[in-house]
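Participant: Next comes the sequence, and after it the predicted model I'd like to discuss.
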Amino acid sequence: MATIVNSTVIPKNSTNFYHFLFTEIADPRTNSWFLIKDPGPGLAILIIWMYFVLNIGPKMMKDREPFDLRKTLIVYNLVQVIISSYIFIRGGMIGWFGKYSYKCQPIDYSDAPEAQEVSIKNVYC
């Protein structure tokens, strides 16, 4: 038997899901963090980036020689390795090698510096 879906069910459910996701289960400490409270700014950045990469960039570079980015990429990759190493070491110090373990344990929602650092690393890294 085929079921008929009311056209108002999907928008109502998606609004409820949005409210549930970004209000009820969200960590209240992250309400003021950059690009975290609302998906709008992140989606806007993504859409602008895709428009630039797929439309504006190819038109700008149509009659030009490609840039020589060899030295820039070497520096960029070196910086990425250094930052990734720092994140790994700090993550290990506050996570696996610190008070957190591999077994299940409750999340610390306090404003303690350790708990804040864990939440920042989980969101931005």
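Facilitator: That came in fine, so what should we check first? Residues are numbered from 1 along each chain as shown.
Participant: Tell me how many other residues crowd the closest residue to residue 92 other than its chain neighbours.
Facilitator: Spatial nearest neighbour of residue 92, excluding adjacent residues (C-beta to C-beta, 6 or more residues apart in numbering): residue 98 at 7.9 Å. Placement of C-beta: from N, CA and C, glycine included. Look at residue 98: counted by other C-beta atoms under 10 Å, it has 14 neighbours.
Participant: Begin at 485, not 1, for the rest of this chat.
Facilitator: Sounds good: first residue 485 from here, last item residue 582.
Participant: right, and residue 582 touches residue 601 too?
Facilitator: No - with contact defined as C-beta atoms under 8 Å, residue 582 does not count as touching residue 601 (9.9 Å).
Participant: Find me the pLDDT at the residue nearest to residue 576, would you?
Facilitator: pLDDT for residue 582: 73.
Participant: Over to the one 3 residues further on?
Facilitator: According to the model's per-residue confidence, residue 585 sits at a pLDDT of 69.
Participant: same check, this time on the one 5 residues further on
Facilitator: Per-residue pLDDT puts residue 590 at 79.
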